[in-house]
Structures are given as C-alpha cells and as structure tokens.
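Chemist: Curious how this folds, go ahead:
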Amino acid sequence: MRWIRPSDFKSRQAFLHAIQSEQADIVQTEDHQWSNVDLDPSPPKDRTWNSWVYFAFWLSHAANGSAWTSGSSTITLGLSPLSAWLSLAFAHLFVTALIVLNGRGPSRYHIGFPVIARSVFGVWGSYMVIFMRAVVCIVWNGVNSYYGGKLVSVAIKAIWPSWGNLPNALPASAGITSTDMAAFWIFIMVFAGMSFIHSRDLRYFYQVKSVLVFIVMHALLIWWMVKAKGVNFTVFPEAHMSTDSRAWLVLQAFNAGLGTASSLTVNQGDMARYATKPNDPLWTTLIGYPIASALPCLYGILVASASKKITGTALWNLWDTLDYMLDQYPESENRGARFGIFLLASILALAYVGTNLAINSLPFGSDMTAMFPRYFTIRRGQFAATMLGVCIVPWKILVSAKAFLTFLSGYGYWLAPIAAVLTVDYYYVKRGNIDLPHLYTGAPTGRYYYTKGWNWRAISVVILSLLPCLPGFANSVATEPLNISVTSQRLFYIGFVLTYAIACVMYYAICLVFPEPRFDEPFEALADANDAREAAGEKLIGTDTVTAVARDEDPSDTASEEKKDGADVYVLSA
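Modeler: Numbers count the residues shown, from 1 in each chain. Sure, this is the predicted structure:
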C-alpha cells in the first residue's frame with residue numbers, strides 16, 4: 001500500500017482509487033468486494049503467536065481496570081468481600097471455557113471473527129452481528145482510554161505537583177476536569193500512534209508487559225497492605241437481607257463478572273488466527289485468563305478494604321488509589337517515592353494501550369475491514385476506533401458503582417447469543433468443517449449464501465434469545481424506573497447466562513428440525529486438508545477457486561488444474 005500523492009486529489013475517482021485497500025490472493029470478480037489482505041486467511045509468515053505469547057498476553061491482561069473495579073464496586077451493593085470475589089472468580093472460569101471454544105475455529109482456519117461469522121449467519125447476515133460487536137468494542141475502547149487518561153494525569157502530577165492545582169475551565173455538566181481532559185488526549189495521541197502497528201506484531205510488547213504489570217500490581221497491593229497493617233474485611237459488613245435477595249445479588253455479581261469478559265467470547269478469533277499451532281491458544285488461555293482476570297478482582301477488593309480502613313472511603317479506581325498514595329509524599333521530601341508512583345501510573349497507562357489494541361481496537365478494525373473491505377484495513381479500523389472511543393464520552397459511563405455494574409451487565413447481554421450460536425454451529429452443525437472459498441463470495445451458489453445471504457436460523461435465534469431480558473435491560477438504562485415486574489428485573493440480573501443458554505438450546509433444536517447441508521466428513525477434516533496443502537507449499541485460496549464457486553463449479557476441479565500449474569490451490573469440496 002503506497003503513500004497518498006498530490007495527484008490523487010485531482011478527482012474523486014483518483015482519490016478513491018488511491019485509498020483502496022491492499023488485495024492479496026483474490027482478484028474480486030463481483031460488484032461487492034468480500035476480500036482484502038486482512039480478511040483472507042493469515043499466511044504462515046503472520047502466524048507468529050506461540051503458546052508463550054498467548055500466556056504472556058493473558059497475564060498482561062491483568063492490568064484490566066474493569067476487572068479491578070468490578071470486584072471492589074460489587075461489594076458496595078451489599079455483598080461480603082468473599083462472596084463478591086468468589087462470584088466474579090467463578091464467572092471468569094466460566095467465560096474462559098467460552099473463549100477457548102470460540103477460538104478453535106479461527107486457529108484452525110486462520111480467519112477472524114467477521115469472516116467466520118459469514119459461515120454461521122450468512123455472507124450478508126454476518127453484517128448484523130459484526131455491527132453489534134463493533135458497538136461493544138467502541139464502548140470498551142473509550143472506557144479503557146478514559147482509564148488510561150486518568151493514570152496519565154496521576155503520572156504528570158507525580159512529576160509536576162502544580163498539575164493538580166490548575167484551574168478547571170470546564171463546566172460541572174461536562175463530567176470531566178480540564179486536567180483530566182488534557183491527560184485523556186495525551187493518552188489518545190499515544191494510543192493513536194500505536195494503532196498504526198498491527199496487533200499481531202506486538203507479541204514482544206505483550207511479553208514485556210506481562211512482567212511489568214504483575215510487578216506494578218503487586219507493588220500497589222503491598223503498599224496498601226503495609227499502610228493498613230493487614231486486611232480487615234469487617235469494614236465491609238454484609239448487608240442484612242433475605243436469602244432470596246442475597247442469592248440474586250450473587251447472581252448479579254456473577255453476571256457482571258461475565259460482562260467484563262463477554263467481548264472476548266467473540267473477540268478471541270481475531271487473536272487466535274495468528275496462532276503458530278492450533279493448540280497454542282488452548283492451555284495457555286485456560287490457565288492464563290482465569291489468573292489474569294481473578295487477581296485484579298481480588299486486589300481491587302483488598303485495596304478497597306484497606307482504603308476504607310485508612311480513609312473511611314473505599315477507593316475502587318486505580319487512579320484514586322495512586323492519587324492517594326501520591327498525596328502521602330510531599331514534593332520537597334519524597335522525590336524518589338513520587339518518581340516510583342510516576343512509574344506505576346505510566347506502566348499501567350501503557351498497559352491499557354496494549355490491552356485496548358488487542359481486545360477492542362483489533363476487533364473493531366477487523367469489523368470495519370469486513371464492512372468496508374475496499375477501503376478499510378485493520379490498521380485504518382484501529383485508528384477509527386481510537387477516534388470513535390472519544391465520541392462516546394466514556395467518563396459519563398463510569399459515574400458510580402451501580403451505573404458501572406449496570407453497564408457491564410447490559411453490554412454482555414447483547415453478545416451472549418452471538419457467542420452461543422458460534423459455538424453450537426462450529427462443533428455441532430458444521431462439525432469443524434468450513435469451506436473457505438465460499439466465505440469470499442456473495443453468489444447465490446455459495447454454500448454460505450443461505451436465504452438471500454442470511455441464515456434465518458442463526459439470526460432468529462439471536463433476536464429471540466434477547467427478548468426475555470429486554471424489559472430488564474430497558475429498565476436499567478431508563479432515566480426513570482419503568483413499571484416492570486420483579487421477575488423481569490431479576491431476569492436481567494442473569495442476562496448473559498440466560499441468553500447464552502437459550503441461544504444454545506434454540507439453535508441446536510432449530511438445526512435439528514430444519515437441518516442445513518453439511519459435510520459428511522470427520523471433525524475438522526477440511527482444516528486437516530488445508531494443513532496438508534500448505535505443507536506442500538500451496539495456498540489456501542485464490543481467484544480461480546472463488547470464481548469457480550460463483551459459477552457453481554467444483555473448486556476441486558479448479559484446484560487440480562491449478563496444481564499442475566503451481567498456482568493457487570484450495571481445500572477439498574463437498
């Protein structure tokens with residue numbers, strides 16, 4: 001992809017031609033473009049993430065401030081610290097299984113979520129779920145950027161104490177101060193610069209980050225434990241309530257824990273596609289993710305209890321805990337300590353950059369690439385994610401503990417049925433067999449064209465499974481309470497689990513009653529065939545194989561001719 005030249009601005013056609021995305025193996029023969037270099041299966045040279053990279057990535061994910069705050073903010077609702085942490089820890093164990101299940105297909109076929117979604121929802125129907133995920137990615141991108149900006153503000157204050165005394169030129173209705181806004185934009189500028197680096201090329205960054213993040217978080221915990229002279233959970237007495245009310249509160253905390261990671265149940269494919277071997281993301285995710293997610297929850301609760309013992313107020317944000325630490329060291333006497341806090345805040349802020357890139361920016365970039373493949377690449381999409389993350393005004397979302405828990409529960413509820421349908425479709429309906437050339441054509445003869453490009457089975461299941469919790473969701477986001485039943489409110493407390501279970505059962509049943517054509521091959525036979533062809537030096541897809549699908553020809557015949565000429569080859573056909 002070349003740089004834009006002055007001559008490219010001479011006409012609209014010249015400019016559009018200049019900004020077109022790079023094309024890889026497929027020359028598009030249809031009016032709508034379905035492929036570009038980032039949508040095609042990742043070539044072997046890009047599959048550089050081994051098991052240690054994935055393990056380091058999940059450990060570095062421990063700098064997840066949302067997990068930290070979900071732990072400490074849950075106890076403000078009335079749960080004991082132990083009940084709050086156990087609810088969240090079990091939620092992370094549960095969601096780990098979902099992450100691994102939905103990462104298998106992309107690691108075998110080396111394609112991201114937007115492309116594998118075509119096989120499930122149809123080549124046109126996939127746009128619906130791609131858009132749903134893109135919205136979630138933008139929300140999390142903005143929230144994490146705000147977290148990072150708050151940490152940048154603490155880092156600046158550690159070096160220049162006068163930063164905290166600058167006058168605020170913004171009105172109270174803005175919900176943010178001038179200094180926090182400036183720090184937010186500093187974070188955004190750094191993040192925007194790193195957005196031009198493809199996330200698959202950041203493996204060394206994540207390995208270094210995994211070490212630094214754990215050092216920082218343990219340093220933070222140790223400081224507060226020493227300051228408070230140990231842990232005292234009695235500062236958070238469990239609220240007096242009935243057994244029934246306590247059970248629903250635990251379920252709400254469990255659901256909030258799922259909410260912090262719900263995007264990963266569909267995002268994993270965008271990282272798993274770069275696996276050196278299909279099993280590289282398996283055990284490292286099963287071990288690394290529960291540790292990386294449960295520890296911040298525990299540390300958040302411990303620090304919240306220590307801060308309440310010392311100050312009388314539970315500090316449940318990372319920047320508040322660091323800011324309090326900074327206030328204990330006047331500039332003239334403790335420059336070394338202030339520099340140490342500067343390092344803590346800076347490393348955590350940089351960690352948010354890395355987490356945002358892989359968990360939110362990369363998936364959104366993939367989604368934009370799928371929706372506008374002629375003009376978008378993952379890098380361009382990542383930059384767009386950075387700008388859109390500003391537009392959602394993330395500081396308005398994180399107003400209080402209750403609002404934050406509502407936000408977590410709400411957005412996870414929307415992704416649960418998508419994750420469920422992906423799992424059931426890959427392991428039961430398709431039995432791990434995906435016909436790659438058919439993913440890159442919108443021709444009616446394509447295997448994944450279904451009914452005018454939409455798989456009505458998957459689409460209807462996603463929509464119907466959302467209905468039971470819809471009243472509760474509407475009530476949670478309404479400015480004034482709606483007149484709904486207690487049952488409707490409580491159904492929303494378990495929105496992720498309920499919608500996931502409903503979607504699994506419904507999709508399994510509907511595919512039994514209205515089966516779709518599938519391969520009579522063993523599990524992942526087509527993936528094994530792909531591996532064999534690549535080992536022989538052949539490519540997975542090419543122009544001729546995709547064109548053959550559009551013409552309703554057998555791609556295997558094309559492949560046989562291509563093999564003679566040493567050209568592009570593809571998998572066996574049904």
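Chemist: residues near the closest residue to Ala158 other than its chain neighbours, how many?
Modeler: Nearest non-adjacent residue to Ala158, counting by CB to CB, 6 or more residues apart in numbering: Phe342, 3.8 Å away. C-beta coordinates here come from the backbone N, C-alpha and C atoms, glycine included. Other residues lying near Phe342 total 18 when counted by other CB atoms under 10 Å.
Chemist: mind listing what Phe342 touches?
Modeler: By CB atoms under 8 Å, 6 or more residues apart in numbering, Phe342 lies in contact with Ala155, Ala158, Ile159.
Chemist: Going by distance to Ile541, which of the residues you listed wins?
Modeler: Minimum distance to Ile541 across the contacts of Phe342 is 46.8 Å, recorded for Ala155 (CB to CB).
Chemist: now that closest one: how far from Phe376?
Modeler: Ala155 sits 33 Å away from Phe376, going by CB to CB, to the nearest Å.
Chemist: Settle it for me: which of these two has more neighbours?
Modeler: Per other CB under 10 Å, whichever of Ala155 and Phe376 has more neighbours is Ala155, with 26 against 22.
Chemist: Contacts only, for that one.
Modeler: Ala155 sits next to Ile341, Phe342, Ala345, Ser346, Ala349 when contact means CB under 8 Å, 6+ apart.
Chemist: how about those in a markdown table, adding secondary structure, distance to Thr48 and pLDDT?
Modeler: Formatted as a markdown table, those follow (DSSP: H, G, I helix; E, B strand; the rest coil; distance: CB to CB, whole Å; pLDDT from 0 to 100):
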| residue | secondary structure | distance to Thr48 | pLDDT |
| --- | --- | --- | --- |
| Ile341 | helix | 35 | 95 |
| Phe342 | helix | 33 | 96 |
| Ala345 | helix | 31 | 95 |
| Ser346 | helix | 28 | 95 |
| Ala349 | helix | 26 | 93 |
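Chemist: Closest one to Phe94 out of these, please.
Modeler: Ala349 (30.2 Å).
Chemist: so what's the closest one up against?
Modeler: Gly148, Gly149, Leu151, Val152, Ala155, Phe187.
Chemist: quick one: it and Arg104, what's the gap?
Modeler: Taking CB to CB as the measure, Ala349 and Arg104 are separated by 34 Å.
Chemist: need the contact list for Gln268.
Modeler: Ile99, Val100, Asn102, Gly103, Pro106, Pro281, Thr285.
Chemist: quick check, it in a strand?
Modeler: No. Assigned with DSSP: H, G, I helix; E, B strand; the rest coil, Gln268 falls outside any strand and is helix.
Chemist: can you pull the buried residues of the longest helix belonging to the chain?
Modeler: When the chain is parsed with DSSP state H, its longest helix is helix 126-159. Within helix 126-159, the residues scored as buried using 16 or more other CB atoms under 10 Å are 126-130, 132-158.
Chemist: how about the contacts of Ala349 in a markdown table, adding pLDDT and distance to His240?
Modeler: Shown next, in a markdown table, are the contacts of Ala349 (pLDDT from 0 to 100; distance: CB to CB, whole Å):
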| residue | pLDDT | distance to His240 |
| --- | --- | --- |
| Gly148 | 94 | 39 |
| Gly149 | 95 | 39 |
| Leu151 | 95 | 37 |
| Val152 | 97 | 42 |
| Ala155 | 96 | 42 |
| Phe187 | 96 | 42 |
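Chemist: Nearest residue to Val303 in space, please, no chain neighbours.
Modeler: Trp224 (4.9 Å).
Chemist: nope, Ala84 is what I meant
Modeler: Counting by CB to CB, 6+ apart, Thr74 is the residue found nearest to Ala84 once chain neighbours are left out, at 4.2 Å.
Chemist: from what I can see the one you found touches Ala253, true?
Modeler: Yes. Using CB atoms under 8 Å, Thr74 is in contact with Ala253, at 4.7 Å.
Chemist: what about those two, which has more around it?
Modeler: Between Thr74 and Ala253, Thr74 has the larger neighbour count (other CB under 10 Å), namely 32 against 27.
Chemist: tally of neighbours for Asn232?
Modeler: Residues lying near Asn232 (other CB under 10 Å) number 12.
Chemist: now the helices for the stretch 51-200 of the chain?
Modeler: Under the criterion DSSP state H, counting those that start in this stretch, the stretch 51-200 of the chain contains helices at 51-60, 65-74, 81-109, 113-121, 126-159, 178-194.
Chemist: Among those helices, show the one with the smallest mean pLDDT.
Modeler: When the helices of the stretch 51-200 of the chain are compared by mean pLDDT, helix 65-74 comes last with a mean of 73.
Chemist: How far away from the center of its chain is that helix?
Modeler: The chain centroid and the centroid of helix 65-74 are separated by 17 Å, computed with CA atoms, centre = their mean, to the nearest Å.
Chemist: Then stretch 223-232?
Modeler: 34 Å.
Chemist: any idea of the mean pLDDT for it?
Modeler: For stretch 223-232, mean pLDDT rounds to 90.
Chemist: list the buried ones in stretch 38-50?
Modeler: Judged by neighbour count (16+ other CB under 10 Å), stretch 38-50 contains these buried residues: Asp38, Leu39, Asp40, Pro41, Ser42, Asp46, Arg47, Trp49, Asn50.
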